[in-house]
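**Student:** here are the coordinates; sequence isn't available:
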């Protein structure tokens, strides 16, 4: 048996062990707002429910190991004492992953991830309209667990309003777990789909993806491509060069001169094969 003293290994390695050992973990897609009213959205898997009376949720934005800086979510939580916890199911997992990208302060992750900002009723931060369950919360306390990189910060928040989409309810008003189709976080790039099993999402680019907001309008409003598809497309660092798209079109004439529905269908097939570059090339071919 491998036995490890936590103080004998680097924090990054210890972090990897812990995340793989304690898994899968539920995901809190936390919506906050800074003191100037700017929205922020970021997912956290150090998260769970800890009480029903009062209804208490706790999630923990850790200090970054590199640079020992704090996340915008923590800064906003301290400033405004409000948060919305949006529950993540499979239908929005790719967009959720894109929202985890370390965009600069002031960048709206709702727009980058292609989510819709829905006004809350009891707190100022927006809800994620696409989330199946949204929990508006007041923050009761923030417990700092350390000052070094990797240290967590327990944000203890009380639910003041719940919103559950009726399509995920049984006839008796209880939640239909199978329809809800929740996802959870594991180690590395692995996730777990509650009713299926493990699947993988490559970690967002450290160089920043272009975001769903940078995708051409006609593609964003596709009747074929899902939110997950858009999340994958938005995680590229840059669009293919025109010369590369033209070369691809000459090599694959079957994608030239077709309507948007057919083009998007072909692109979706490439995305299902994890060939994002070819999907983009199909989408960018101009009709003649």
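**Tutor:** Structure received. Bear in mind the structure is a predicted one, so any value in this text is a computation, not a measurement.
**Student:** so where is this protein shaky, pLDDT-wise?
**Tutor:** The model of the chain has pLDDT under 70 over residues 205-207, 287-288.
**Student:** mind listing the helices in it by residue range?
**Tutor:** Remark: helices assigned in the chain by DSSP state H are 11-21, 72-80, 93-99, 109-113, 177-180, 217-220, 227-233, 242-251, 260-272, 276-284.
**Student:** list the buried ones in the longest one?
**Tutor:** It stands for helix 260-272. 263, 264, 266, 267, 268, 270, 271 (16 or more other C-beta atoms under 10 Å). Any C-beta I mention is one placed from the backbone N, CA and C, and that applies to glycine too.
**Student:** now, which of the residues you listed sits nearest residue 142?
**Tutor:** Using C-beta to C-beta, the shortest approach to residue 142 within these belongs to residue 271, at 39.5 Å.
**Student:** Deepest-packed of the helices of the chain, please.
**Tutor:** Per-stretch averages of neighbours, counted by mean count of other C-beta atoms under 10 Å, single out helix 93-99 among the helices of the chain, with a mean of 27.
**Student:** So what touches it?
**Tutor:** 27, 29, 41-43, 88, 109-110, 112-115, 130, 183, 191, 201, 203-204, 209, 211-212, 227-232, 234-235 (C-beta atoms under 8 Å, 6 or more residues apart in numbering).
**Student:** what about 6 Å?
**Tutor:** 29, 41, 43, 88, 109, 113-114, 183, 201, 227-228, 231-232, 234-235 (C-beta atoms under 6 Å, 6 or more residues apart in numbering).
**Student:** Over to stretch 240-256?
**Tutor:** 266, 280, 281, 282, 284, 285.
**Student:** hmm, 10 Å instead?
**Tutor:** 239, 257, 262-263, 266-267, 277-278, 280-288 (C-beta atoms under 10 Å, 6 or more residues apart in numbering).
**Student:** how long is that stretch end to end?
**Tutor:** 17 Å (C-alpha to C-alpha, to the nearest Å).
**Student:** From what I see, residue 100 and residue 113 are in contact.
**Tutor:** Yes. At 9.0 Å, residue 100 counts as touching residue 113 under the criterion of C-beta atoms under 10 Å.
**Student:** who touches both of those two?
**Tutor:** What both residue 100 and residue 113 touch, as defined by C-beta under 10 Å, 6+ apart, is the set 29, 41, 42, 43, 204.
**Student:** ok, the third one - how many residues close by?
**Tutor:** In this case it means residue 42. For residue 42, the neighbour count with other C-beta atoms under 10 Å is 23.
**Student:** residue contacts, the nearest residue to it once chain neighbours are set aside?
**Tutor:** Leaving aside its sequence neighbours, residue 42 sits nearest to residue 73 (C-beta to C-beta, 6 or more residues apart in numbering; 4.9 Å). Residue 73 makes contacts with 28, 30-32, 40-44, 59, 61, 83, 153, 155, as judged by C-beta under 10 Å, 6+ apart.
**Student:** okay, the residues you listed in JSON lines with distance to residue 18 next?
**Tutor:** Below are those laid out as JSON lines (distance: C-beta to C-beta, whole Å):
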{"residue": "28", "distance to residue 18": "18"}
{"residue": "30", "distance to residue 18": "20"}
{"residue": "31", "distance to residue 18": "26"}
{"residue": "32", "distance to residue 18": "25"}
{"residue": "40", "distance to residue 18": "26"}
{"residue": "41", "distance to residue 18": "25"}
{"residue": "42", "distance to residue 18": "20"}
{"residue": "43", "distance to residue 18": "17"}
{"residue": "44", "distance to residue 18": "15"}
{"residue": "59", "distance to residue 18": "16"}
{"residue": "61", "distance to residue 18": "16"}
{"residue": "83", "distance to residue 18": "24"}
{"residue": "153", "distance to residue 18": "16"}
{"residue": "155", "distance to residue 18": "19"}
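**Student:** Most neighbours among these, please name it.
**Tutor:** Neighbour-wise, the contacts of residue 73 (other C-beta under 10 Å) top out at residue 31, 33 neighbours.
**Student:** For residue 248, see how far away that residue is.
**Tutor:** For residue 31, the distance to residue 248 equals 39 Å [C-beta to C-beta, to the nearest Å].
**Student:** Check residue 173 too.
**Tutor:** 52 Å.
**Student:** Kindly report the same for residue 4.
**Tutor:** 49 Å.
**Student:** Repeat that for residue 101.
**Tutor:** 27 Å.
**Student:** Brilliant, that's me finished.
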